[in-house]
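**Student:** structure, please.
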Amino acid sequence: MPQLQNLVLTDRAATPVAHTFVPRDVAANVGTVEESTGVKIGDKTFSISVRKAPESGKNRVQMKMAIPVVVNETINGVTVPSVAYVSYVDCTFTFDPKSSTQDRKDVVGMFQSSFDPAKLLVNDAVVGLQGIY
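**Tutor:** Modelled structure (predicted):
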């Protein structure tokens with residue numbers, strides 16, 4: 001069982017930035033880490049949970065990420081941070097109890113590989129917001 005710990009995620013900026021998410025809490029088997037901006041409404045969060053479905057015995061791993069973009073608004077001479085918008089990710093892996101460790105490694109590797117910028121089907125749909133034809 002993994003312990004809640006720092007998670008460093010690198011973005012795709014021209015000069016990539018490593019974002020360090022630090023442990024926030026574990027509640028109802030969901031571990032949450034966050035990258036603080038100093039303004040609570042702007043904190044980026046990443047959560048992960050592992051659950052076993054009682055009826056099927058299938059293991060479900062769910063990861064969620066929320067990345068808010070904060071802007072400063074000046075109202076009556078007072079500058080206040082405000083969330084302009086939030087980008088969300090929700091990814092779920094479901095594995096049969098008969099799956100092997102290698103099966104799961106292969107699935108994770110293939111999914112990770114699909115996000116290579118050279119894989120235009122995924123990159124242009126997710127990053128470019130282009131429709132599929």
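**Student:** and the helices in this protein, which stretches?
**Tutor:** Remark: helices of the chain, listed N- to C-terminal, are 101-113, 120-126; assignment by DSSP state H.
**Student:** from the chain's centre, how far out does the longest one sit?
**Tutor:** Relative to its parent chain, helix 101-113 has a centroid offset of 17 Å by Cα atoms, centre = their mean, to the nearest Å.
**Student:** one more: stretch 84-94?
**Tutor:** Centroid separation between stretch 84-94 and its chain, computed with Cα atoms, centre = their mean, is 6 Å.
**Student:** ditto for stretch 98-117
**Tutor:** The chain centroid and the centroid of stretch 98-117 are separated by 17 Å under Cα atoms, centre = their mean.
**Student:** who's in contact with that stretch?
**Tutor:** When contacts are defined by Cβ atoms under 8 Å, 6 or more residues apart in numbering, stretch 98-117 is touched by residues 12, 93, 95, 119, 122-123, 126-127. For every residue, glycine as well, the C-beta is placed using N, CA and C.
**Student:** any of those residues buried? List them.
**Tutor:** Among these, the ones that count as buried by 16 or more other Cβ atoms under 10 Å are Asn123.
**Student:** export the contacts of stretch 98-117 as JSON lines, with columns for pLDDT and distance to Ile48.
**Tutor:** Rendered in JSON lines, the data for the contacts of stretch 98-117 read as follows (pLDDT from 0 to 100; distance: Cβ to Cβ, whole Å):
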{"residue": "Arg12", "pLDDT": "94", "distance to Ile48": "21"}
{"residue": "Phe93", "pLDDT": "97", "distance to Ile48": "11"}
{"residue": "Phe95", "pLDDT": "97", "distance to Ile48": "15"}
{"residue": "Lys119", "pLDDT": "94", "distance to Ile48": "24"}
{"residue": "Val122", "pLDDT": "94", "distance to Ile48": "22"}
{"residue": "Asn123", "pLDDT": "93", "distance to Ile48": "24"}
{"residue": "Val126", "pLDDT": "94", "distance to Ile48": "20"}
{"residue": "Val127", "pLDDT": "94", "distance to Ile48": "23"}
